[in-house]
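Visitor: Generate coordinates for the sequence data below:
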Amino acid sequence: MALYIGVMSGTSLDGLDIALIEQSPAIKLVATHYIPMPSSLRAELLSLCASGPDEIARSAIAQQHWVRLAAEGIHSLLQRQHLQARDIRAIGSHGQTVRHEPSRGFTVQIGNPALLTELTEITVVSDFRSRDVAAGGQGAPLVPAFHEALFEQRPGNRAVLNVGGFSNLSLIETAKPVAGFDCGPGNVLLDAWIQLQRGESFDRDGQWAASGQVDAPLLKTLLNDPFFATQGPKSTGREVFNLQWLQQHLVRHPAVPAANVQATLLELTALTIVESLQAAQAETQELLVCGGGAHNAALMQRLAALLPGAQVSSTALYGVDPDWVEAMAFAWLAHCCLEGIAGNRPSVTGARGPRILGAIYPA
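Guide: Predicted coordinates:
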């Protein structure tokens, strides 16, 4: 039995998810801890997603704050579980993505793993995406390999959908290598629009979206983005889909009520997921949803309506809490790195072959 900790803060930047897993050899979630992202740190991390003044120094300072927050959460989790640093084999730290441009040969996740090792006295594995990009891959999504490890023993064609800031699919079929790709925006545009219009960080249960009507001309305009016409392997991020992207399109549709914009954005998320899924795996029998989108009732209902031939449910149906799948995945990827197991899947990322992912910072 070995214990690993995974630390993940995604594109939503709402907070840090910290998961403690047991690998023996099955994957078991032992404990979790969540820390909200301080508003000042969130604002700075968001600003670093685009070029700006003195960004190298600002990035170096911001990641120190991020790491100290992560270390605080790890210490709290260990204390609650009556564990010592020596009981943990490694921390898998994803860091915070501030740039992701595999077409230009790079992806950047800040998170100062050396400092995290110093503060926790635990070996840290980080920088999981760079090796895949170096091998010609997208560096994302990385979770399909973990989804495969969790769900491959179940018969039939299934897909695992992660809806965080962006949405990505893992396609799991019997006797086939797992496939997967980013579909497009998940919550990123929904969150940005409700923040701008109502000062709320997210649309709880999709209630505001459900109160509006889909605007067909606006939806058609949004769907014309070139990303949606490309086939996987593919990945995306805030470099493509952000509030400015939405506002540029709204210039052509100035009279759409704010609630209808939100309804249209939810339809954009649901439709791009389903169209991507049907194009890649037409006979999907089951769609398992994780990430924050699993709690969006309006989105879940829309996915079920668009996929009448498949069962749509949360990963909780199989005992896997949808809120902790990604943090668990990076704990598992730390295990793979230390054991010399490839963590990427070329069928997902397009890399030239399997690669051991991660850089190790020994305690």
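Visitor: If you count neighbours, what's buried in stretch 300-316?
Guide: By neighbour count on 16 or more other C-beta atoms under 10 Å, the buried set for stretch 300-316 is 300, 302-303, 306-307, 310, 312-315. (Glycine included, C-beta is placed from N, CA and C.)
Visitor: Quick check: the two most widely separated of the residues you listed?
Guide: Spanning the widest gap among those are 306 and 315, at 19.2 Å by C-beta to C-beta.
Visitor: Now the phi/psi pair for residue 16, please.
Guide: Taking degrees, to the nearest 10, you get phi -110, psi 130 for the backbone angles of residue 16.
Visitor: hey, what's it bridged with?
Guide: Residue 16 has these beta-bridge partners by DSSP bridges: residue 35.
Visitor: For residue 155, see how far away it is.
Guide: Residue 16 sits 36 Å away from residue 155, going by C-beta to C-beta, to the nearest Å.
Visitor: neighbour count winner among the two?
Guide: More crowded of residue 16 and residue 155, by other C-beta atoms under 10 Å: residue 16, with 24 against 7.
Visitor: Run a quick check on the more buried one versus residue 7, I expect a contact.
Guide: Yes. Using C-beta atoms under 8 Å, residue 16 makes contact with residue 7 at a distance of 6.2 Å.
Visitor: tell me, what's touching those two both at once?
Guide: 70, 73 (C-beta atoms under 8 Å, 6 or more residues apart in numbering).
Visitor: Do a quick rundown of the helices in the stretch 51-200 of the chain.
Guide: Counting by DSSP state H, counting those that start in this stretch, the stretch 51-200 of the chain has helices at residues 55-80, 113-120, 130-134, 143-151, 188-198.
Visitor: So which of the buried residues of stretch 300-316 are in strands?
Guide: 312-314 (DSSP state E).
Visitor: can you put those in a markdown table and add distance to residue 235?
Guide: A markdown table is the format used below for these (distance: C-beta to C-beta, whole Å):
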| residue | distance to residue 235 |
| --- | --- |
| 312 | 24 |
| 313 | 26 |
| 314 | 24 |
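Visitor: Out of those, which comes closest to residue 330?
Guide: Nearest member of these to residue 330, counting by C-beta to C-beta, is residue 314, at 20.4 Å.
Visitor: my guess is the closest one contacts residue 288, does it?
Guide: Yes. Contact criterion C-beta under 8 Å: residue 314 and residue 288 qualify, at 7.2 Å.
Visitor: hmm, who's touching the helix-or-strand element of the chain with minimal mean pLDDT?
Guide: Ranked by mean pLDDT, DSSP states H and E, the weakest helix or strand in the chain is helix 143-151, scoring a mean of 90. Contacts of helix 143-151 from elsewhere in the structure, counted by C-beta under 8 Å, 6+ apart, are 27, 158, 160, 162, 168, 170-172, 178-180, 288, 318, 320, 325-326, 328-329, 332-333, 343-345, 348.
Visitor: Please list only the buried members of those residues.
Guide: Buried among the contacts of helix 143-151 by 16+ other C-beta under 10 Å: 27, 158, 160, 162, 168, 170-172, 178-180, 288, 320, 325-326, 328-329, 332-333, 343-345, 348.
Visitor: can you pull the buried residues of the helix or strand residue 43 falls within?
Guide: Counting by DSSP states H and E, the element that carries residue 43 is helix 39-47. Residues 41-42, 44-45 are the ones in helix 39-47 that count as buried (16+ other C-beta under 10 Å).
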